[in-house]
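**Student:** I'll drop the sequence and a predicted model, then ask my questions.
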Amino acid sequence: MQRYTGQKRILVATDCIIFGFDGWNLKLLLVQRNIEPEKDKWSLMGGFIQPSESPEDAANRVLELRTGLKNVYMEQFQVFGKPDRDPVERTLSIAYFALIDIHQYEQQISDEYHAEWFLLSEMPELIFDHNEMVKLAKRQLRYKAALHPILFQLLPEKFTIPQLQALYEGVYNTTFDDRNFSRKLLSTGLLVKLSEKDKFSSKKGAFYYKLDQSHYTENFERFLNLVPNPDKFF
């Protein structure tokens, strides 16, 4: 087999940043590392890419191995390659991120690697440069949410306005004015109000809504003004 001469080996890994929404809180999925260095510390789902794999195949294999999750749509967003990022060997990492509905996948989670959901505000210190990965993944998530209606994929078929507001507040780590958020949301004309109420969150209850799918695709841009001054979040 022909090889390139005079070149040193560099390992290539993949890391998965999985954000999840449980109906009220935005969370991050972490596992405990099972090898040295940093054994038993919290980590993203990572592993080396095998010679026969594409980065996407490796990311999906690693995610299923570490957590049990499969058929999760992930996006590649950055390569992390500082020479000293891994204390063992020179290693590049191709990072992927995803945003999922926790309830759709909760039955898949495996206990083998102690996979656990953490509130973003209570995230523990992570190994290597994984804290930086999460920071940049959150920034990418905010960027995507400001330009595309990806957050609606996390909602059940029927949802309340407070639930949607909680999702946006979790993604942008801020607090929106209740009345302004509700007014902007309803002004889109793309929500259908249902007669049923959610009575679990308050005595008064909040009406459920659903998306008007017949006009959603061509008019989803109307949702993009839900985030005031999005530039301050990047």
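**Tutor:** Perfect, I can see it now. These numbers come from a predicted model, not from an experiment.
**Student:** what about the helices in this protein?
**Tutor:** 55-67, 102-105, 130-147, 161-172, 178-187, 213-219 (DSSP state H).
**Student:** Any idea which of those gets closest to E38?
**Tutor:** Closest approach to E38 among the helices of the chain is made by helix 130-147 (9.9 Å; Cβ to Cβ). Placement of C-beta: from N, CA and C, glycine included.
**Student:** Show residues contacting that closest one.
**Tutor:** Helix 130-147 is contacted by residues 15, 17, 19, 28, 43-44, 77-78, 80, 93, 95, 97, 99, 120, 123, 125-126, 150-151, 168, 171-173, 224, 227, 230, 233-234 when judged by Cβ atoms under 8 Å, 6 or more residues apart in numbering.
**Student:** buried set for it?
**Tutor:** 130, 133-134, 136-138, 140-142, 144-146 (16 or more other Cβ atoms under 10 Å).
**Student:** Low-confidence stretches in the chain?
**Tutor:** For the chain, the stretches with pLDDT under 70 are 149, 201-203, 216-217, 220, 223-225, 227-234.
**Student:** One more pass at 80, please.
**Tutor:** Where the chain drops to pLDDT under 80, the residues are 1, 146-150, 152-153, 199-204, 213-234.
**Student:** which residues of it fall in strands?
**Tutor:** Assigned by DSSP state E, the chain shows strands spanning 11-21, 26-32, 42-43, 45-48, 75-80, 91-101, 116-119, 159-160, 191-198, 206-211.
**Student:** K199 is nearest to which of the helices of the chain?
**Tutor:** helix 161-172 (12.9 Å).
**Student:** just checking, what packs against the closest one?
**Tutor:** strand 26-32, helix 130-147, helix 178-187, strand 206-211 (3 or more Cβ pairs under 8 Å, 6 or more residues apart in numbering; DSSP states H and E).
**Student:** how does this protein divide into domains?
**Tutor:** Per automatic domain parsing, the structural domains of the chain span 11-147, 150-233.
**Student:** so can I have JSON lines of the helices of the chain showing distance to A206?
**Tutor:** Shown next, in JSON lines, are the helices of the chain (distance: least, Cβ to Cβ, whole Å):
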{"stretch": "helix 55-67", "distance to A206": "33"}
{"stretch": "helix 102-105", "distance to A206": "19"}
{"stretch": "helix 130-147", "distance to A206": "22"}
{"stretch": "helix 161-172", "distance to A206": "6"}
{"stretch": "helix 178-187", "distance to A206": "10"}
{"stretch": "helix 213-219", "distance to A206": "21"}
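**Student:** returning to what we had before: same list (the domains of the chain) but as JSON lines, adding distance to M1.
**Tutor:** Output for the domains of the chain, formatted as JSON lines (distance: least, Cβ to Cβ, whole Å):
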{"stretch": "domain 11-147", "distance to M1": "12"}
{"stretch": "domain 150-233", "distance to M1": "43"}
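**Student:** Can you say which of the ones you listed is packed in most?
**Tutor:** domain 11-147 (a mean of 17; mean count of other Cβ atoms under 10 Å).
**Student:** Alright, that wraps it up for me.
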